[in-house]
Each structure stands twice: as structure tokens, then as C-alpha cells.
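>>> sequence and predicted structure below; questions after.
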Amino acid sequence: MTTRLVRVLVCLLAGSIFPPAVSAAILEPPQQEETAAEPSGPKASPAVEKMLAEASRLADAKQPLDSLKAADQALEAARQTNDTAGEALALQVRAKSLQNLKRPDEALAAWQEAQQLWARAGDTPEQITALVQAGLLSVDKKGEAERLFSQGLAVAQEETQRPSALAQALHDSAGAMVGQGNWNSQWDPASDYLRAEVAMREKQTPQSIKLAAALNNLSRLAHRHWLKEFATQDLVLAHDYAARAVEVSQRLAPDSDPLVASLRNLGEAEQMNNDPKQAESARQHFLTALQIQKRLTPGGSDMEADLLTNLGIMEMNSSNFTLAHQYLDEAVPMAEKLDPTSFQFSRSLSWLEILEWAEGDLPAARAHCERLLRMAEKSGLPGATANASINLGTVVAAQGDFSLARAYFEKALVIFQKIAPDGLGVPYVFTNLANTFYEQGDFPSALEYRQRSATLIENKLGVSLDTARELSGLGEIFLAQGKLSLASDYYQRALQMREKATPESLFVSNSLADLARLERARKNINLAMEYDLRALNLGQKSCPNSWCVAGVLNDLGELAYEQGDLTSSEIYLRQAVDVREKSLGPAHPDLARSLNDLALTEASLGKTPQALEIALRAERIGADHLRVSARTLSERQALAYETVRASGLDLALALAEQNSPSGRSEVFDAVIRSRALVFDELAARHRSAYGSGNPEVKLLADQLSSARTQLATLVFRGAEPGKADAYRKVLDAARDRKEKAERMLAEKSIAFRQD
């Protein structure tokens, strides 16, 4: 089975998980340009204005108490001089200080009083700002918030001599709604305010870049809402608003920031359609925007990094990994240089890590995942931590450390269930847990989690690559359980979805490999070989000699063996061993499976000594992996894993008689070490509290546990490309620490020494 661990796609989940960062990316400020003169906004008297400036300075300096005192002084001075504008402005500064002091009820009263003053003075833009801020403080009372937001829109329809200021107030109000972070409840009023801004600009300045900027903001908002709710109409709106913005920008400013933003927004809307024709259009829009952006900011920019990342995603989804690398390798250092704490850097680095994971470069992917998790935890954003935990869990699981992977997945699940229970995060975690249990041979648990994830994702997304993945996963479980008709139904549905969405891609290659395994189970060897050869051809186009084709190469080797074509079997299996050892390291259970298959073929070719050596190596890898994993699994799961774990022992026993005395000795040693291995490890776990009554022994036991965990982590992680010698030194040092910890505990604990 090819592990299909699901990565959190940062561009998808960011909309629901990172509201502050997303709002900053959505609402771009209106462009500065010449407009007809209009009256200036209300101003306080010079004395009050000076006090307000001091209050604002103190607020910026994070001194809310002092800011509140200064605002109160300004408020008193304004009232004594009948300065209505000064009084209202002082109330607004006072409200902001109260919000910073976590006194929302008093802040709400200040905003409401300010709104009443602006209404009496007839200042429309200021009324809207005050009403929206009051509404945001009333979100726990949905009806009251809706009333205030609706009142703000009604005020926008009144006559005003300051239309530009009114449009700006609508823009700022929408930004405040999105920036607050309660995405679902603020979507409708925020979009209403932006539509009102567009209507005003169309009436006031129909031939202006400000209109293009307003359309761009609406497109971004609709796009982000689609990423949250996956309603088709939102994507249509995002596309239409962006297309209108492109038309206006190309006509008025063909080499400008608004045109770049418009092309980016249009490309993103097209990219999400899963339509090959629209995908090509999106690629061209991104490339055109990139050329303009490079001319505008030759030294690099967030927008350039964003466009490069989008292009990298597109090429990765098309399985053009080499080109995807070129884009992402350029985007990541650019975003990091501009701001290593930015959302853009996190997004670009995440996609680079996902690409490395897809290519099988697990050490590089893990290093980036661990960095992203540290960044997320430091940011204080729970959604960022959940995203990073899922992605790190998938890499760790791919390296074979299932217990650590489950810990990361369960950490993410707790967060998603709290902050986005209706989003895609929850089913994504279920999918990963299903795959992890499958790899351990716990099919009932795998089926339970996979059915939950498939139902949620198909209800949410309908026909999509994500749904195809879930259907394929269900097919794999039913195949493992011998329910071949059910497996066939799910596999065929998955293939049809993938061929429609991304023909000639690695996704289609995976489905063909699934069908090959099914036909092999049905004893249709020729048809299975046909499916696998098609899968290999597609896979090698995407990533020749890499992890994504290792499973297919192994399957072809087994099929050739079953057909009696031992020469072809040996060629395929040696390629599979080479790929898996380079990608996964020398201690991975998948490598053991390929080694055992190769040993069978070598034995059939009469190469008995070589076959025995390879079989014993496969057994050592499989047994060591089970030994490390068993103590962290439940007893039921550990016993289930024993039935499916990689082993070369059966073949080694069959070959023992034909080998030298030393070879037979090695076989018998392997037999002794493998007997009751799971029970021994489970018994050791039950005895793990040797020193529960002795603090010193307990400390040594904890140190041993930590040393064993560290060694297991290094074994699963594997060596980074080109750093095999350094990796071996680190691994040897970890093994030495583990053995030293065992000796120290044995000196202090009779129970452990007897064990």
C-alpha cells in the first residue's frame, strides 16, 4: 500500500485558520489618485486636537491607561468649549483605549455616544465607523450586531458632500470586520460594505484605479469565503470581480500594482476550478503578473513571492516537480529576506516542504516542518499550530514513526475541533489517522476513521481530487479485507475523478497502481501488469528515480516473479530497493519489504548466499522497527502490526539448509530474536515502572525512555542527501547514549537488570 498521508494545503485552510493574516492580504488600500475636491473631515479645536494627539501617541506606545486619561482630558475640554467634533473624536480615542484595557462594555458605550454626536452633526463617514465598531463589540448578541451593521449601510445611502471619505469608511469598516477574526459571522456584512464601496466608486469615479482596487478586495473576500464554505457561487463571484478589475486596470494602468493584484486574483479563482483549460489560463495570468511585478520592484516583494508560490503549486499539482522547485526555491528566500515572521514566508516554506514530501525528500521536509511548527507556536495562532502539526505528522509517519505521528495528528484534531469544527481540518486529521492505522495493520480503526473523513469531504467538496483520495483510501481498506467488489467500485470512481481533474498526472498514476493491486488479487496478472506499466510511465514523467515510483517498481517486480520472468523481477526490485534506501534511509520497513521480495527472486535464480544475506537484512529491519513501535502502541494494535510487518525470516529458514554453518547460525539467531517479540516488548512496557518507588531509578528510567525515543526518531528520519557520514555519526552517538542509559538503569534497578 502506498501511504496517502494528507497535507494541510496552506492556501486552502489559511482563510479559516489565520483571519488576521488573511485580512491583511485581502483588503488592499485604495490607490492614491487625483479626485475632485471635497470638504475636509471634521476637526477638533487646536487645544483638543493636541490632547488627542498625545492620547493616540500613548496608545501606540502600548500605554492604554495613560491614553485613556489623556482622552478623558480631551473629552472634558471639548465639552466645556462646545466642540462637537472634538467631543466625538475624544470618545472614539477613549473607546479604543477601553478596548485595549479589555473593558468592552464601556468601549461600546463610548462608540455609541460618538455615533450619536456624528449623527447630530451630519457627518456620514464618521457615523459608519462608529456604528461598525459598536457592532463588532456586540457580536455575541447577533441581532444587535446585525442591526448596527445594517444601520451603517443605511447611513451610507444618505446624501453626503464627502463621497470619497464615505467610500474609504466603507472600505475600512469591511477591513475591521474581516480583521476581527470571526470569519463566518462577518462575511455577509463585510461583503455588503465592499459592494457598497464599489457602487459608490462606480458612480463617483467609474474610470479610476480606485474602482479596480475595490473590485480586487471583493474578489479576495469572495475567494477566501469559498475556501471556507466551498460554495460554487463564491468562486464565480471571485472570478467575475477579478475579471472586471483586470479590465479596468489594463485600460487605465497597464503596468501597475492594481493590475498585478487583479491578475493574481483572477489566476487564483481559475486555479481552484479543477479545469485543465482554466489552469492554463491561471498559469498565464500568474506569469504576466510576475513580469510586471519584477519591473515594479526589481529587488523582490511579497507579491512576487506570492506569485512564485502560486506557480510552484500549479506545477506541483501537474506533477512538474522540477519546475515547481525552481519557483518555490526562489519564493522562499525572497519572502524570508523581506520578513521571516510573515504569513507569506510561512506559506512559501510550507509549499516547499509539501513538494519535498511529495518527492520523497523526507529529511528536508521534516526540517522545514519542524521550523514551521516552531514558528506557529511562537505566533500564538492555534490554527497555525494545527496546520504545522498535521504536516509534521505526515512526514514523521512517512518515515515510519507512527506513534509520534499520531501524537501530532491528535494535537491538531483538538485544535481544529475547537476553532473550525465545520472546516476541512477535522476530516484531514481523520484521513491521516486512518492511513496510520492502516500501515500498522489495524484495519477496523482505519476503516472507522476513513469512513468519517470520506463522508465529511464528499459532502463538503463533491467531485474533487480530495474526494478521489478518500474513495481510493476506502478501496485500499476493502482490498485488504478481501472485499474486492467494493474495492473495485471505489477505485474506479477515484480514477474517473482524477482523469477528469488532472489527466497525465501522478494522481492518475496512483489510481492505476491501485487497480493493478486489485487485479492481482483477482489473479488477473496480465491486466495487473498493464495497469502498473501505465502507472510507472506516468510516475516517471513526474519524478523519475524517486519515491513516488518505488511502490510501482516493487509491484512490477512481484508480478514478473509470479509470471516466472525472474530477470525482469530482479531488475525492477533492485531499482525499488535503491530508490527506497536513498529516499527512506537504511532502516525503513518499506525497504525491508522490497529486500524480502528481492531475496525471493535471488533464491529462485539460484543465488542462495546472496538471497540469505538479503533476507536476513530484511528481517533485522522489520524486527527492529516493530521493537521500537510496539511499546507505544496499544496491545491490540501491536499484535496486529506483527501480522503485517516486513520480515525475511520465513525465506531465511527455507534457505538455511542450503547454506554454510555460519549462515545457518545467523538464521537461528534471527529466529531466537524474533520469538514472542511483541509479547516481550509489551511485557517490558508493563515493567517500565521499575523505579516508581525510587526517585533516582525513575529518573534513570525516564532518561532511558528519552534516549530510546531519540534513537528511534533518528532512525526514522534518515540521512539528508549528501550527509550520510554525518548522519551515521549522530546515529552512533544516539545509540551509545541509549546503551549507556541502559547500563546505568541496570546498575540501580534489579527488575530492569533481570529484564
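Thanks, I have the structure now.
>>> what's the helix or strand for the nearest residue to Q92 once chain neighbours are set aside?
Using Cβ to Cβ, 6 or more residues apart in numbering and skipping residues adjacent in sequence, the residue nearest Q92 is A114, 5.1 Å away. All C-beta spots, glycine's among them, are computed from the backbone N, C-alpha and C. Using DSSP states H and E, the element containing A114 is helix 104-121.
>>> now do that helix: everything it contacts.
42, 84-85, 87-89, 91-92, 94-96, 98-99, 126-127, 130-131, 133-134, 137-138 (Cβ atoms under 8 Å, 6 or more residues apart in numbering).
>>> repeat for stretch 555-575
Contacts for stretch 555-575 (Cβ under 8 Å, 6+ apart): 513, 516-517, 520, 525, 528-529, 532-533, 536, 553-554, 576, 594, 597-598, 600-602, 604-605.
>>> give me the distance between the two termini of that stretch.
12 Å (Cα to Cα, to the nearest Å).
>>> return the distance of it from the chain's centre.
The chain centre lies 37 Å from the centre of stretch 555-575; the measure is Cα atoms, centre = their mean, to the nearest Å.
>>> helix or strand right after the helix or strand where S164 lies?
Secondary structure assigned from DSSP H and E places S164 in helix 163-180. Past helix 163-180, further along toward the C-terminus, the next helix or strand under DSSP H and E is helix 183-204.
>>> domain assignment for the chain?
556-685, 687-755 (automatic domain parsing).
>>> mean pLDDT for those domains: which is lowest?
Per-stretch mean pLDDT for the domains of the chain is lowest at domain 687-755 (a mean of 65).
>>> off-centre distance for the helix or strand hosting T567?
Take DSSP H and E as the rule and T567 turns out to sit in helix 566-584. Per Cα atoms, centre = their mean, the displacement of helix 566-584 from the mean C-alpha position of its chain is 32 Å.
>>> do the same with stretch 578-592
26 Å.
>>> same deal with stretch 320-336?
Remark: stretch 320-336 is offset 17 Å from the chain centroid, using Cα atoms, centre = their mean.
>>> buried sites along it?
Going by neighbour count (16 or more other Cβ atoms under 10 Å), the buried part of stretch 320-336 is N320, F321, A324, H325, Y327, L328, E330, A331, V332, M334, A335, E336.
>>> try stretch 437-456
Within stretch 437-456, judged by 16+ other Cβ under 10 Å, the buried ones are 437-443, 445-454, 456.
>>> cool, and stretch 420-437?
Buried, per 16+ other Cβ under 10 Å, within stretch 420-437: 420, 423-437.
>>> tell me which of these fall in helices.
425-437 (DSSP state H).
>>> would you reformat those residues as CSV and include pLDDT?
Shown next, in CSV, are these (pLDDT from 0 to 100):
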residue, pLDDT
G425, 87
V426, 93
P427, 93
Y428, 89
V429, 94
F430, 95
T431, 92
N432, 90
L433, 93
A434, 93
N435, 88
T436, 89
F437, 90
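>>> can you redo those as CSV with distance to R743?
Converted to CSV, those look like this (distance: Cβ to Cβ, whole Å):
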residue, distance to R743
G425, 45
V426, 46
P427, 47
Y428, 44
V429, 40
F430, 43
T431, 43
N432, 38
L433, 38
A434, 41
N435, 38
T436, 34
F437, 36
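>>> just give me the closest of those to S485.
A434 (21.0 Å; Cβ to Cβ).
>>> re the thing from before, hmm, which of the contacts of stretch 555-575 are the buried ones?
Buried among these (16+ other Cβ under 10 Å): 513, 516-517, 520, 528-529, 532, 536, 553-554, 576, 594, 597-598, 600-602.
>>> report the buried residues of stretch 45-63.
Buried residues in stretch 45-63 (16+ other Cβ under 10 Å): S45, V48, E49, M51, L52, E54, A55, S56, L58, A59, Q63.
>>> just the strands in the stretch 301-450 of the chain please.
Using DSSP state E, counting those that start in this stretch, the stretch 301-450 of the chain contains no strands.
>>> tell me where the model's unsure across it.
319, 358-360 (pLDDT under 70).
>>> that one: helices as residue ranges?
Ranges of helices in the stretch 301-450 of the chain, per DSSP state H, counting those that start in this stretch, are 302-317, 321-338, 343-359, 362-379, 382-398, 402-419, 425-439, 443-461.
>>> can you redo these as a markdown table with distance to Q278?
Shown next, in a markdown table, are the helices of the stretch 301-450 of the chain (distance: least, Cβ to Cβ, whole Å):
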| stretch | distance to Q278 |
| --- | --- |
| helix 302-317 | 11 |
| helix 321-338 | 19 |
| helix 343-359 | 20 |
| helix 362-379 | 30 |
| helix 382-398 | 27 |
| helix 402-419 | 30 |
| helix 425-439 | 25 |
| helix 443-461 | 17 |
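>>> ok, which of the ones you listed comes nearest L252?
That would be helix 302-317 among the helices of the stretch 301-450 of the chain, by Cβ to Cβ, at 19.1 Å.
>>> send me the closest one as PDB with only the CA atoms.
Taking Å, rounded to 0.1, in the frame of the first residue of the first chain, the C-alpha atoms of helix 302-317 are listed here in PDB:
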ATOM      1  CA  ASP A 302       5.800  39.800  -1.000                       C
ATOM      2  CA  MET A 303       3.600  39.900  -4.100                       C
ATOM      3  CA  GLU A 304       6.400  38.400  -6.200                       C
ATOM      4  CA  ALA A 305       6.900  35.700  -3.600                       C
ATOM      5  CA  ASP A 306       3.200  35.000  -3.600                       C
ATOM      6  CA  LEU A 307       3.100  34.700  -7.400                       C
ATOM      7  CA  LEU A 308       6.100  32.400  -7.500                       C
ATOM      8  CA  THR A 309       4.400  30.300  -4.800                       C
ATOM      9  CA  ASN A 310       1.200  30.000  -6.800                       C
ATOM     10  CA  LEU A 311       3.200  29.000  -9.900                       C
ATOM     11  CA  GLY A 312       5.000  26.400  -7.800                       C
ATOM     12  CA  ILE A 313       1.700  25.000  -6.500                       C
ATOM     13  CA  MET A 314       0.400  24.800 -10.100                       C
ATOM     14  CA  GLU A 315       3.400  22.900 -11.400                       C
ATOM     15  CA  MET A 316       3.400  20.600  -8.400                       C
ATOM     16  CA  ASN A 317      -0.300  19.800  -8.900                       C
END
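>>> quick one: that helix to chain centroid distance?
Worked out by Cα atoms, centre = their mean, helix 302-317 lies 15 Å from the chain centre.
>>> got it, and stretch 232-240?
Offset of stretch 232-240 from its chain centre (Cα atoms, centre = their mean): 24 Å.
>>> could you list the buried residues of that stretch?
By 16+ other Cβ under 10 Å, the buried positions in stretch 232-240 come out as D234, L235, L237, A238, H239, D240.
>>> angle of the helix or strand containing the last one against helix 183-204?
With the criterion set as DSSP H and E, the secondary-structure element containing D240 is helix 232-252. Using axes from the mean of the first three to the mean of the last three Cα atoms, to 10 degrees, one finds that helix 232-252 and helix 183-204 are set 30 degrees apart in direction.
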